[in-house]
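# Mind looking at a prediction? Sequence and model below.
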Amino acid sequence: MADLFKLFDGSFGSAGSSAVSSQDGSSFSGISPENDLVARLASGTDSVELLVDYSRFANFVTFNSAESYVNVTADEILNSYPWDGTADDLQAFINGLDGFQQYFLQNWPTWSGHLRLNPAVSSSYVSFTDFGVQSGVARTSFISPGTGSMSIQGWIDVPAMTGSNDVMVVFQKQRQGTTDGLTVMVSGSQVLFNVQSGSTTATVSASLALTGATFFAGVLDRSSVTGTLSLYSATTGTFPTLGSQVSMLLGSRFDLASGSFYIGSGSVTGQVVRPFTGSIDAVSVWQSARSSADLTGTFNRRTYSQPNLVAAWNFNEASPSTPPSYSSIVRDGSGHRLDGRLQAFFSGSRGSGSLHQDVGGQPILSLADPNVVSYVVTAQVSGNTYDKSNPSLIYNLFPDAFSRINGQSSDVFQNFALILARHFDRIKLYVGQLVNMRRVLYGSYDQAPDDILPHLADFMGWQLDGSFANTDAMRYFVSRGVRPGPSANVPLATQMSEIKAQLWRRVLLNLLYIYKAKGTRESVDALLRSYGIDSGFVRLKEYARKSETRVPAERVASEKSVYAVQFVSGATVSFTGR
């Protein structure tokens, strides 16, 4: 029995999170922004997250203007969301929002898509030109190996090509006025990575899936005197593997700083270049020679800004309904602002769905998109309607003289009043939720927040130890490495902390019966079922002296057994004596 309950032992931090063995801030991940993210999540936020239903203004707005609240929130999301920031930047932004703003962001229109090129409709491609400078360096020079290494990776879904000399260019960066450059292309049933510098040319290949998407990663490694050129590939459900590799001796500097570059277009000496047909997704460029471990670690993951990442195009910034003035711009998520423009644009260029497994959408940050307009306007109208019927609106609580001041002073007064109102609403919200601090329910709202469940258990004479005792911090806080195989980098839909809180709530909901039935098998059954474990998973036998008639003989001798664990979610369960 003791071994079974090791699943629920251990603690990590004041809120009883996951227990880990001596992990510090530098051991969570090999990527420094991810270390910062885990440290931020482990430290928690400055305040307890109340379980309030933010879909109704009446639940959290008393003195403030609901319409103004919506306007401030929409402005914050549209202008401050860290689209091209690190994973830690995004979490810091979310932590800085209050409960309603987080709710509003969670329901904001998003898009998870890819670039779809179809020459039968339009010979489209993406061009990248005139980026200006960053820290005194021309941004076009970022995609130039110089004296170092470079890697290009992404996902493609294309048909097989029949002509022996026919190719379709996926990505190309060439030095202006020359044929020197880096090219990823497709020919026949292969994906190819070509590097050309003067009279030196090398090409490596890897297999291309003819049904479904293919991941590719071309790597130019110049860490040795004799460099190597490698190409990795994978399909959905497999890890990247090396297709081919060749040695390549380049000059001291491989300069591609000048000139434009393209996705879905280019020129290749001695080849017939066909307009690209198919889909492209998650293209990224790195100023490093990425190893097999690096590729596996970022496989099926959204790529955030991080060291050595030069550019990242995920094609999630706009949907097919977004007007061309915005959706024709392809945004770079690396933080280097290498944004491109979709030439010969057509609405079908914004394909639906991701080519890889991490399909979480990103918010569309443009009021040009009709879905965004509809979402914001609907909330504004709802807020305006609520304000008209709200007798406690702060404007209505001031004497009439305040409404007769001149226009400029009136604006200052209203803005100041709204600042006060929001502060008062926050105080009222916390005071109103005090009654719920000692209540747990199967629902989602108006009960004890997750952070104080251990304290509530202490008050009731029960100790809630941390679940997932042997889970490292990256798994617990970011849900990385939980699933097996190539899905390991895809985050769970429900975080481990949320699963743990649900297990704890089930125990607290049934704690009175567990106490009442203590000393009997029914108490153990109730505890197991609280954790979603069928009571028959463990063989239980209850013994008592013959003189104690409260335990029937048939129950003393009985035992139960079942061979599977059944986890139940969202069900309302009550326990009574037999």
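Nice, I can see it.
# distance of the residue nearest to M248 when sequence neighbours are not counted from D281?
Nearest residue to M248 in three dimensions, chain neighbours excluded: A202, at 4.4 Å (CB to CB, 6 or more residues apart in numbering). From N, CA and C alone the C-beta is placed, and that goes for glycine too. Distance, A202 to D281, by CB to CB, to the nearest Å: 27 Å.
# And these two? Which one has more around it.
The neighbour comparison of A202 against D281 (other CB atoms under 10 Å) goes to D281, with 24 against 18.
# Spell out which helix or strand contains that one, please.
Element membership for D281, per DSSP states H and E: strand 278-286.
# What's the first helix or strand after that strand?
By DSSP H and E, the next helix or strand past strand 278-286 is helix 292-297.
# Return the set of buried residues in that following helix.
If you call a residue buried by 16 or more other CB atoms under 10 Å, then helix 292-297 has these buried ones: 294-297.
# next one: stretch 265-278
265-266, 268, 271, 273-278.
# Output those residues in CSV; the columns should cover distance to L338.
Output for the buried residues of stretch 265-278, formatted as CSV (distance: CB to CB, whole Å):
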residue, distance to L338
S265, 16
G266, 17
V268, 23
Q271, 26
V273, 23
R274, 26
P275, 23
F276, 20
T277, 25
G278, 23
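# Of these, just say which sits nearest to F171.
G266 (7.9 Å; CB to CB).
# hang on, that closest one in a strand?
No. Assessed with DSSP: H, G, I helix; E, B strand; the rest coil, G266 is coil; it does not lie in a strand.
# which non-adjacent residue is nearest it?
Closest to G266 by CB to CB, 6+ apart is Q172, at 3.2 Å.
# which helices and strands does whichever helix or strand that neighbour is part of pack with?
Following DSSP H and E, one finds Q172 within strand 166-174. Secondary-structure packing of strand 166-174 (3 or more CB pairs under 8 Å, 6 or more residues apart in numbering; DSSP states H and E): strand 150-157, strand 181-187, strand 261-263, strand 272-273, strand 278-286.
# how about the residue most central in space within the chain, secondary structure?
Centroid check for the chain by CA atoms, centre = their mean gives G360 as the closest residue, at 6.0 Å. Assigned by three-state DSSP, the conformation of G360 is coil.
# check contacts around it.
112, 302, 491 (CB atoms under 8 Å, 6 or more residues apart in numbering).
# Including distance to A312 and neighbour count, could those go into CSV?
CSV is the format used below for those (distance: CB to CB, whole Å; neighbours: other CB atoms under 10 Å):
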residue, distance to A312, neighbour count
S112, 15, 18
R302, 9, 21
P491, 18, 15
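# Out of those, show me where the pLDDT dips lowest.
Ranked by pLDDT, those bottom out at P491, which has 83.
# I'd say that one and G481 touch.
No. Using CB atoms under 8 Å, P491 is not in contact with G481, being 10.3 Å away.
# where does this protein have its least confident helix or strand?
Every helix and strand in the chain was compared by mean pLDDT, DSSP states H and E; the lowest is helix 553-557, with a mean of 46.
# so what pLDDT did the residue nearest to G266 get?
Q172 is given a pLDDT of 96.
# which ones are touching it?
Contacts of Q172 (CB under 8 Å, 6+ apart): 181-185, 261-262, 265-267.
# swap in G481?
Contacts of G481 by CB under 8 Å, 6+ apart are 472, 474-475, 488-489.
# Buried residues of stretch 423-433, list them for me.
If you call a residue buried by 16+ other CB under 10 Å, then stretch 423-433 has these buried ones: 425, 429, 433.
# Let's verify H455: helix, strand, or coil?
Applying three-state DSSP: H455 is helix.
# From L464, how far out is it?
In terms of CB to CB, H455 sits 9 Å off from L464.
# So if I had to pick from the two, which one is more boxed in?
Higher neighbour count among H455 and L464: L464, with 21 against 16, using other CB under 10 Å.
# ok, the more buried one - contacts?
Counting by CB under 8 Å, 6+ apart, L464 has contacts 16, 453-454, 457, 504, 507.
# which one of the residues you listed has the most neighbours?
Counting by other CB under 10 Å, top hit in the contacts of L464: W504 with 26 neighbours.
# wait, isn't L453 in contact with L503?
No. In this structure, L453 is not within contact of L503 by CB under 8 Å, at 10.0 Å.
# What about L231, how many residues nearby?
When counting by other CB under 10 Å, one arrives at 26 neighbours for L231.
# what bridges to it?
Under DSSP bridges, the beta-bridge partners of L231 are G218, S244.
# V195 versus that one, what's the distance?
Remark: distance between L231 and V195 (CB to CB) = 11 Å.
# wait, what's in contact with L397?
By CB under 8 Å, 6+ apart, the residues touching L397 are F63.
# returning to that earlier point: ok, so of the buried residues of helix 292-297, who is nearest F398?
Using CB to CB, G297 is the member of the buried residues of helix 292-297 that sits closest to F398, with 58.2 Å.
# So that closest one versus A58, what's the distance?
47 Å.
# Kindly report the same for R505.
Distance, R505 to A58, using CB to CB: 26 Å.
# Who has more neighbours out of these two?
R505 (20 against 11).
# The more buried one - nearest residue in space that isn't next to it in sequence?
The shortest distance from R505 to any non-neighbouring residue, by CB to CB, 6+ apart, is to V440 (4.9 Å).
# in the stretch 51-200 of the chain, which segments are predicted with low confidence?
130, 136-138 (pLDDT under 70).
# Run through the protein and note the low-pLDDT ranges.
1-30, 45-46, 130, 136-138, 400-409, 466, 469, 535-536, 542-578.
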